[in-house]
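Asker: what shape does this take:
(one chain, ligands or ions: 1)
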Amino acid sequence: MKCTIPRRKRKSRSQDTPSRRWQKETMIKGIFVGTALALELAALGLFIVVKTGAISANADQRTPRIERWAAKTSLRASLQHSGSAAIANPLPATNENLIAGIKLYAQDCAICHAAASGNGSDVAKGLYQDPPQFHREGVEDDPAGIVYWKIAHGMRWTGMPAFGKTLSEKQLWQLTLFLQKMDHLPPVAQRAWRQVHVAAAAQR
Ligand code: HEC
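Answerer: Numbering: from 1, shown residues only. Here you go, the predicted structure:
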């Protein structure tokens, strides 16, 4: 029996006439050129904004929202990527380790993060990212590995320095231990903590 269903016409390559091919090629080229031009204009715009000082370099004004967003988002991503949240403090909470942590804190951290008395220094007040004052807003509840990571690597776009190149791994964990236990120190360590002092803000 003869088939009655009409056969679908096959598209022949020959339909792609030279003029259609030329149209297609021109369109693709146009997309490439347009994208390259848009990227160049964006780069030029950014260059002009930076070069003319529209992004101010002074540290005595509020940080733009976009900078705060970028700093927080990249920190969150870096911490997640590092897998440090799962790492526990390998040091036991002995008086020896705690007091070593307190001494290091007095030497390297109190100028920005304050002592037990809570007097803020001129340095802490002059930073454009407020350093947390640990006697009242501590990190006792944060995972030890995260606290360690922040001390070892520092925090870009803030005044928080990286101590991984200057302190040993043991010293970094001693500091972490002290910060973990700051609000419930045993009496001997508590006395050592009370003795840490920071030069208070100067009077004008
Ligand atoms: C020059 C000032 C400065 C010094 C010195 C400094 N920090 Fe910081 N630190 C900061 C600032 C600013 C931040 C806040 C960053 C932000 O905006 O989140 C910070 C944040 C932190 C955080 C994260 C706090 C949180 O809430 O997650 C920890 C932990 C920390 N510092 C520990 C230390 C330790 C330990 C030392 C000493 C070994 C130290 N810092 C020395 C400025 C400093």
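Asker: any idea how far the residue positioned nearest the centre of the chain lies from the ligand?
Answerer: Closest to where the C-alpha atoms of the chain average out (C-alpha atoms, centre = their mean) is residue 75, at 2.8 Å. To the ligand, residue 75 is 7 Å away according to C-beta to the nearest ligand atom, to the nearest Å. Quick note: C-beta positions are derived from backbone N, CA and C, even for glycine.
Asker: with adjacent residues omitted, what lies nearest to that residue?
Answerer: In this structure, residue 75 finds its nearest non-sequential neighbour in residue 155, 6.3 Å apart by C-beta to C-beta, 6 or more residues apart in numbering.
Asker: return the per-residue confidence for residue 118.
Answerer: pLDDT for residue 118: 84.
Asker: what's the burial count for it?
Answerer: If you count neighbours by other C-beta atoms under 10 Å, residue 118 ends up with 12.
Asker: stretch 101-117 near the ligand at all?
Answerer: Yes - using C-beta under 6 Å from any ligand atom, stretch 101-117 reaches the ligand at 108, 109, 111, 112, 113.
Asker: contacts made by that stretch with the rest, please.
Answerer: 120-121, 123-124, 127, 131-135, 159, 163, 167, 171, 174-179, 189, 192-194, 196-199 (C-beta atoms under 8 Å, 6 or more residues apart in numbering).
Asker: also near the ligand: which of those, exactly?
Answerer: Within the contacts of stretch 101-117, those near the ligand by C-beta under 6 Å from any ligand atom are 127, 131, 132, 159, 163, 175, 179.
Asker: of these, buried ones?
Answerer: 131, 159, 163, 175, 179 (16 or more other C-beta atoms under 10 Å).
Asker: the last one contacts residue 147, correct?
Answerer: Yes - under the criterion of C-beta atoms under 8 Å, residue 179 lies in contact with residue 147, with a separation of 5.6 Å.
Asker: which residues do these two both contact?
Answerer: Joint contacts of residue 179 and residue 147 (C-beta under 8 Å, 6+ apart) are residue 139.
Asker: near the ligand, which residues of the chain are found?
Answerer: 108-109, 111-113, 127, 129, 131-132, 139, 147, 150-151, 155, 158-161, 163, 175, 179.
Asker: those residues in helices, which ones?
Answerer: 108, 111, 112, 113, 147, 150, 151, 175, 179 (DSSP state H).
Asker: just the closest of the residues you listed to residue 66, please.
Answerer: residue 150 (22.5 Å; C-beta to C-beta).
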